[in-house]
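In: need a 3D model of the following:
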Amino acid sequence: MARVEVLLATDGSESAKKAEMAALKITKSYNIRMAALFVAQVKSEDESEKIIRYGEQVLDGVVEDGKTMGVEVQKILKVGSPAETILNVAKSLNVHTIVVGSEGKKGLKRVLLGSVAENVVRNAECTVLVAR
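Out: So this is what the prediction gives:
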């Protein structure tokens, strides 16, 4: 994979859409590379195909939004633990900035951040932008 400066971690949630817009605007402004990552957290084989299909739809939407803004977006779909996978992909691509939404699809609200965003902020070796 080519190096990207901005890594959008998305789950298709409302918060992730805000993160997507921020990531696309940054990418366009600086004329840099961007990738969108969907992490499929599969708990059973029965739901695996459905979650992966949903992830592909989310990523296709990001690519289309990018085209509208004149930004090329590399799609990455992985299966695993969301925060751990986001951090591993960011490290492997030598990402400058990870962009995440403050709350995930599950809608479980914490005082400031969702658990994935909090874990990424605490453990990332690069800049993290949290969209609210």
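In: pLDDT wise, what is Lys105 at?
Out: Note on Lys105: pLDDT of 59.
In: low-confidence regions, the chain specifically.
Out: Within the chain, the ranges that satisfy pLDDT under 70 run 1-2, 104-113.
In: now do the top helix by length along the chain: distance to the chain's middle.
Out: If you go by DSSP state H, the chain has its longest helix at helix 45-69. Centre-to-centre, helix 45-69 and its host chain are 11 Å apart (Cα atoms, centre = their mean, to the nearest Å).
In: and what of stretch 39-51?
Out: Taking mean C-alpha positions (Cα atoms, centre = their mean), stretch 39-51 and its chain are 17 Å apart.
In: what sits up against it?
Out: Contacts to stretch 39-51, defined as Cβ atoms under 8 Å, 6 or more residues apart in numbering, come from residues 9, 11, 52, 54-55, 77-82, 85-86. Where you see a C-beta, it was placed from the backbone N, CA and C, and this is true even at glycine.
In: who wins for most neighbours among the residues you listed?
Out: When neighbours are counted by other Cβ atoms under 10 Å, Ala9 leads the contacts of stretch 39-51 with 30 neighbours.
In: need phi/psi at that one.
Out: phi -100, psi 120 (degrees, to the nearest 10).
In: for it, give its distance to Gly70.
Out: Noted for Ala9: a distance of 22 Å to Gly70, by Cβ to Cβ, to the nearest Å.
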